[in-house]
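J.: next comes the sequence, and after it the predicted model I'd like to discuss.
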Amino acid sequence: MNFEKRLSRDGLALVGVLALFTGCGDDGTTGSGTAVIPDTDTSTSPTGTTAEPTSGTTTDGTTDAPTTTSSDTTTSDTTTGGPIEPPAYDQWITVPLEGAVCGNGSQYKIFVNWHEGAKDLLVMLEPGGACWDFDTCSGKADLGAAHPDGVPDDLLYDPLTKNLSPLMRRDVEGLTKDWNLVFMPYCTGDVHTGNNVIVYQDPEGVEPDLEFHHNGHNNVIAATDWMATQFPGTDRLFVTGCSAGGAGSLINYHFFRSRIDAQRGYLMDDSGPIFPSGGWSSKLHEKIRSSWNVDSVFSELPPGYEIDDDFGVLNTHLAALYPDDRLSTVFFQRDFNYSRYSYERFYPDMTKEKILEYWAEDTDLMTALYEPHPNMAYYLPYWRGLNDSHCVSIISYLDTEIEEQGVDLGDFIGTLLDDDKPLVSYRESVQPNEDN
């Protein structure tokens, strides 16, 4: 990594970015930090187009039912059972999904950006922290989850969100510039993975009980069913996301891959690694196992690919299930965001260096899993002065390079999506002058 080039120095140290990725205080509104994001996307205004729920029924007053925002646009009918006609190309369209809900029980929706003639599909899962008890799900704790009040219809007109990754943009020369795009918001506090309605009680006995819908996996299933109908005969399917979205992309990859008709599949879990449970992540895995009921999700994997005590085997299960797919994990070695979620609330007296020591040891376990599998690769740069070194693929690939090997994240993704090239893993050496 080039220590002399700082994202913060170049104006990309974003006020409000940390709130997006940790979920702390995120109420679904545009944060103050969005003003510094270059807003060069041509679709800067809402189209006003909202597709109807897939059953054709409207949502009742208990949900945040989307409405059109302009009287001169039409509402798409999705009741025919087949693909709907795209209301527009190269613009984000809101699509509510029947029966899909956020943590507070409000309507869940996805955002779709069709590109005329495209046969490739990118699915991006939103980041935003996680929660598993009263303090984290109510917002009392320092660590929490995004969109506790539900997903706003205009989420993709927030400049920060629509410019979240170069992979989502059409105004830059990118590998997915001409693909169909689906953005899956995150509002369930469970890294898109839960299957549980739970009532959390205030340990201090002051606040009222909190009913929370950890419905992430069910929302994924609703979305994949919709995409399977909407995008039949897909050529390439690329599933990715960072932080909670990264973990969700890996945990749900089998469900995307098995339900959407695609010739080829690609995965990039950005900064949401699923480490082996034999390491320091074991206590986190035990906690979410009960709060999110993830065993019910893992039970849907094919026979012979069960997950018992070790969540980390999911990585190698996917490699075996999809030997022709190309699967990857990327993160910074000095990530001080996801690492905090992994250890801070589960071990006493955690300092930054202790947290990152645990992170490094868990990383060693993960890379050992990957090494024997030619269809798996990792990309692990050391540090970046943005967002506590959390999320490699956000905003720009600047300062994602591993200089000693002459590559950056864009190069790695290019290889990932090129079936003619063998996958190569990278892990930058310790850079003692960085993150001081």
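T.: Done, it's in.
J.: now the biggest helix by length in the chain: buried residues?
T.: For the chain, the longest helix by residue count, based on DSSP state H, is helix 352-370. Going by neighbour count (16 or more other CB atoms under 10 Å), the buried part of helix 352-370 is Ile355, Leu356, Tyr358, Trp359, Asp362, Thr363, Leu365, Met366, Leu369, Tyr370. No exception for glycine: its C-beta is placed from N, CA and C like everyone else's.
J.: so the second one sits right up against Arg334, yeah?
T.: Right, the one you point to is Leu356. Yes - Leu356 is in contact with Arg334 according to CB atoms under 8 Å; the separation is 6.2 Å.
J.: ok, which stretches of the stretch 201-350 of the chain are helices?
T.: 216-230, 244-251, 253-259, 282-292, 294-298, 313-321, 338-343 (DSSP state H, counting those that start in this stretch).
J.: that older thread, next, format the buried residues of helix 352-370 as JSON lines and append distance to Asp158.
T.: Output for these, formatted as JSON lines (distance: CB to CB, whole Å):
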{"residue": "Ile355", "distance to Asp158": "30"}
{"residue": "Leu356", "distance to Asp158": "31"}
{"residue": "Tyr358", "distance to Asp158": "34"}
{"residue": "Trp359", "distance to Asp158": "30"}
{"residue": "Asp362", "distance to Asp158": "33"}
{"residue": "Thr363", "distance to Asp158": "32"}
{"residue": "Leu365", "distance to Asp158": "37"}
{"residue": "Met366", "distance to Asp158": "33"}
{"residue": "Leu369", "distance to Asp158": "36"}
{"residue": "Tyr370", "distance to Asp158": "35"}
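J.: ok, those vs Ser425, which is closest?
T.: Tyr370 (6.5 Å; CB to CB).
J.: let me see the contact set for the closest one.
T.: Asn315, Thr329, Met376, Ala377, Tyr378, Ser425 (CB atoms under 8 Å, 6 or more residues apart in numbering).
J.: before we move on, back to that, in JSON lines, list the helices of the stretch 201-350 of the chain along with mean neighbour count and mean pLDDT.
T.: Below are the helices of the stretch 201-350 of the chain laid out as JSON lines (neighbours: other CB atoms under 10 Å; pLDDT from 0 to 100):
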{"stretch": "helix 216-230", "mean neighbour count": "23", "mean pLDDT": "98"}
{"stretch": "helix 244-251", "mean neighbour count": "29", "mean pLDDT": "98"}
{"stretch": "helix 253-259", "mean neighbour count": "20", "mean pLDDT": "98"}
{"stretch": "helix 282-292", "mean neighbour count": "18", "mean pLDDT": "93"}
{"stretch": "helix 294-298", "mean neighbour count": "18", "mean pLDDT": "96"}
{"stretch": "helix 313-321", "mean neighbour count": "18", "mean pLDDT": "98"}
{"stretch": "helix 338-343", "mean neighbour count": "25", "mean pLDDT": "94"}
